[in-house]
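*Asks:* build me a model:
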Amino acid sequence: MTATSLPSTDGDFIRGAGDPGPLAAPTGLSRTDMILLGGVALLSVALLLWATRDGVLAAGFLAGLAVAAGGVLLVRRLFPASVAGEAALPDWTMLRQAVNHDDVAIAVTDRAGRMVCANDLFATWMGGFVTPPGLPFEGRGAETLKNAGRAAWRDGEGRADDLVVGPLHLGAQVTRTGQAEDYLVWRFAAVERLDLVTEILRHLDGPAGRTLGQAGVMAALVSAEGRLRAANQAFLLRALGEDDARHYNGRDVAPMLRIDDAGALYFAREGDRATPLRMLQIPLAAADSHAPVLLAMLDEEIGPADRGTAQAYVETLLSLLPFGLALVDRDGRFLYMNRAFVRAANLGEGKMPRYPGDIVVGEDKGPLADMIRRHSSGQQVGGDLSIRLAGQSGEPVSMRVVGVRGLGEAAVLLSLKDSSEESRLKRQVAQASKMQAVGQLAGGVAHDFNNILTAILGACDLMLMRHTPGDSDYDDIQQIRSNANRAASLTRQLLAFSRQQTLRPQILQLPDVISEVSHLLKRLIGETVTLSVHHGRGLGAVRADPGQLEQVIMNLAVNARDAMPGGGTLTIETYPVSAADVRQMDNEFMPAADYCALKVSDTGTGIAPDVLPKIFEPFFTTKDVGKGTGLGLSTVYGIIKQSAGFIFADSQPGQGTSFTIYLPVHRSGSDTPVVAAPPPKPKKSQWGSGTILLVEDEDMVRAVAERALTRAGYTVVTASQGEEGLERFAQMDKVDLIISDVVMPTMDGPAMVRAMRAKRPDLPVLFMSGYAEEQLRQSINIDDVAFLPKPFSVAQLAEATSAALDDAAHRAKNG
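*Replies:* Numbering: from 1, shown residues only. Reported below is the predicted structural model:
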């Protein structure tokens, strides 16, 4: 802060040169004092003249008085320091006191009411160095500040609040200071003015509102138009109920209240059992007719004379609680139950049971009746009982029984928690966990089974090369090979369910896929089933594997055909689903986005409610033994999930079944590149030359692959795991291709290849695995490698080897 002293006639830093202010203290003879003293002197001379009748003596007395007065004035003018003492010296204590704040406007005045010094902030706020208390404040501000200055001279300190100068709202503190306590320090600080309406809006929805509610006060802020702007939770629950309490802003308050013929005020939604209210209206700005009004409501005191028994009051209170509560008399009959209890017990509207035993299964009627009887006549204690509600899924729920007193006929309070939503979520989580566990198991089984099938198919191919059609063993070998291929198809279904198969997604339109497969469907479903296809308008493109999508449609069509043994209609529909439509569906699994829907419906026998949750489980089937593997719908489920889609089943016994698939619309501006359909590759030769290092931990697969590659003209060096493969690689002078399994003990295939490519970056690599390529891409993460999924035939191995070598030669040529 920069302290600015005012100019003075004698150059003194501290003393001001202005006229004395209104708060000046008497320090010398003023003009009035001199007139009074002169009058007294003349009166004294007149009295002396009247008493002595001596003019010479009176004149001499008057001359003596004049000489004395002149001497005093001469001494004060010639020796001011001796009269004022130490007042002429700068008071550094006062200065330190004046400049110890940087965010406060400060001014200092002396006992004569003159400005001594002030900081720059004071001049900025006050429009110049104006002497306090005569500052340009609005209203009675200057008078308030003047009273604070007088209090400071008298008591040592004074205060003034609500001082307004321009846009500023200030508070002032005036302090008497200085070594002789003959200075006033005026401090002015800005005060933030609170917006009362804003503060009420903030507090009603916060802890203050909850505290009022706990004290029984229902508070609401209402606009001049009668619209609700804010309210505490106690008001919202009573006036609107739990369901509408979240959407209160802007609602008309008048329909929430009603007045009976006697003039009593009630909440309208509480009906006949409502408790009368006492309402206080608190205007926030009495002079402003457009200002909001704060309403505070309290329940009126009720007594037996005008509100019946205490039981009626308790029933009103229970109706406001979100917990399922009911009152039972000593004979075990229901007296009252609130809406939450009705929902938890799954009771229909207007169907109030007579006894608590009527809402439970037969096995639980006796234990519940015994517990109610014990608590109705015993102490006011409670106990829990696990019961099963009649007409529900049979899952046990907890009911609490508490003995009560002083509520008239009521003797027992029953508490029942609505756990239907919780039970539904538990079932969904359990189902999802089970599907995940089964999927992992299926993927592991498929991987091991693929190794076995690779050896079987390879051995069959090698044997068929030594036999010709017509040989006695040829048909048997072909039968073995055919069954091995069926088993390979089974493993592909397992991988599809576990979402571990290799997909080749493309950007496509659902009508095009249905058109491609419709001619196969007509032959598949037979002549007794009518195929009906309908396509909606405005369908977006989706990203999916067309082959797998065709498999989904075929599987659903086969299931629909089997559900209509006497014939019927198979309907396939496509239609767009917007994000707004998804929100209206209120589906907690599907995020709000744009989808293309594919719906496959039939008019068959339908699916029983107890079977519907299990239909996507692998190996679950309702068909006769030998007529189904139980993998059709599980395969559909896995393909759709791997394509980032959703599938839901809806069925009523005797009314048919509908499967609805939602695939997200592909946006051309997304990060996912558009993948065109791959062109058909020319068939590669099954013969070749070169040196191949084959690394495979399964002995039977390694043996078959070695024989097949050797027969195709290659020189093959084998290794049983990654570390042995590195040793063989170091010993070989020339390696044209590495063929390796991915998952192996000790060192896997990708780690081995990285070590090899550190020495030879352009080394061609062909990975083979029983796991899906898409699943292994993260662990492989190596450029310029080929992939061959198991199981494979001898011909497929030879063709993949030839293609890998050709690709390597092409890269080397283009360099």
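*Asks:* what residue ranges in the stretch 701-815 of the chain are flagged as low confidence?
*Replies:* Across the stretch 701-815 of the chain, the ranges flagged by pLDDT under 70 are 772-779, 815.
*Asks:* now the helix or strand hosting Ala208: buried residues?
*Replies:* According to DSSP states H and E, Ala208 maps onto helix 207-214. Neighbour counts over helix 207-214 (16 or more other CB atoms under 10 Å) mark 209, 212-213 as buried. Where you see a C-beta, it was placed from the backbone N, CA and C, and this is true even at glycine.
*Asks:* same question, stretch 106-124
*Replies:* Across stretch 106-124, burial judged by 16+ other CB under 10 Å covers 106-119, 121-123.
*Asks:* show me these that map onto strands.
*Replies:* The strands, defined by DSSP state E, take in 106-110, 115-119 from those.
*Asks:* so which pair among those residues is furthest apart in space?
*Replies:* Asp110 and Asn119 (17.0 Å; CB to CB).
*Asks:* leaving out the residues flanking it, which one is nearest to Pro764?
*Replies:* Nearest non-adjacent residue to Pro764, counting by CB to CB, 6 or more residues apart in numbering: Ala808, 3.7 Å away.
*Asks:* do Phe792 as well
*Replies:* Leaving aside its sequence neighbours, Phe792 sits nearest to Thr454 (CB to CB, 6+ apart; 6.2 Å).
*Asks:* for that neighbour, phi and psi?
*Replies:* Note on Thr454: backbone dihedrals following degrees, to the nearest 10 are phi -60, psi -40.
*Asks:* am I right that it is in contact with Glu696?
*Replies:* No - if you go by CB atoms under 8 Å, Thr454 and Glu696 don't touch, sitting 9.6 Å apart.
*Asks:* roughly how far apart are Val765 and Gly690?
*Replies:* To Gly690, Val765 is 14 Å away according to CB to CB, to the nearest Å.
*Asks:* looking at the two, which is more packed in?
*Replies:* Val765 (24 against 18; other CB atoms under 10 Å).
*Asks:* tell me who's in contact with that one.
*Replies:* Neighbour list for Val765: 737-738, 740, 753, 782, 784-786, 804 [criterion: CB atoms under 8 Å, 6 or more residues apart in numbering].
*Asks:* need the residues you listed in a markdown table (columns: secondary structure).
*Replies:* Below are the contacts of Val765 laid out as a markdown table (DSSP: H, G, I helix; E, B strand; the rest coil):
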| residue | secondary structure |
| --- | --- |
| Leu737 | strand |
| Ile738 | strand |
| Ser740 | strand |
| Val753 | helix |
| Ile782 | coil |
| Asp784 | coil |
| Val785 | coil |
| Ala786 | strand |
| Ala804 | helix |
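*Asks:* with respect to Ser532, which of those is nearest?
*Replies:* Nearest to Ser532, judged by CB to CB, of these is Ala786 at 44.5 Å.
*Asks:* please identify the helix or strand for Leu280.
*Replies:* Short version, using DSSP H and E: Leu280 is in strand 277-283.
*Asks:* which stretches of the stretch 201-350 of the chain form helices?
*Replies:* Ranges of helices in the stretch 201-350 of the chain, per DSSP state H, counting those that start in this stretch, are 207-214, 233-239, 304-307, 310-320, 339-344.
*Asks:* for the stretch 701-815 of the chain, same thing?
*Replies:* With helices called from DSSP H, counting those that start in this stretch, the stretch 701-815 of the chain shows them at 722-731, 749-759, 773-780, 794-814.
*Asks:* and those helices as TSV, adding distance to Pro356?
*Replies:* Putting the helices of the stretch 701-815 of the chain into TSV (distance: least, CB to CB, whole Å) gives the following:
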stretch	distance to Pro356
helix 722-731	70
helix 749-759	66
helix 773-780	55
helix 794-814	71
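*Asks:* now distance to Ser398 and mean neighbour count too, for these, in a markdown table please.
*Replies:* As requested, the helices of the stretch 701-815 of the chain are exported to a markdown table (distance: least, CB to CB, whole Å; neighbours: other CB atoms under 10 Å):
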| stretch | distance to Ser398 | mean neighbour count |
| --- | --- | --- |
| helix 722-731 | 57 | 17 |
| helix 749-759 | 54 | 18 |
| helix 773-780 | 44 | 16 |
| helix 794-814 | 61 | 17 |
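*Asks:* what are the buried residues along stretch 180-187?
*Replies:* For stretch 180-187, burial by neighbour count (16+ other CB under 10 Å) applies to 182-187.
*Asks:* which of the residues you listed fall within strands?
*Replies:* 183-187.
*Asks:* closest one of those residues to Arg702?
*Replies:* With CB to CB as the yardstick, the closest approach to Arg702 among these comes from Arg187, at 93.6 Å.
*Asks:* thought Thr175 was touching that closest one, still the case?
*Replies:* Yes - between Arg187 and Thr175 there is a contact under CB under 8 Å: 7.4 Å.
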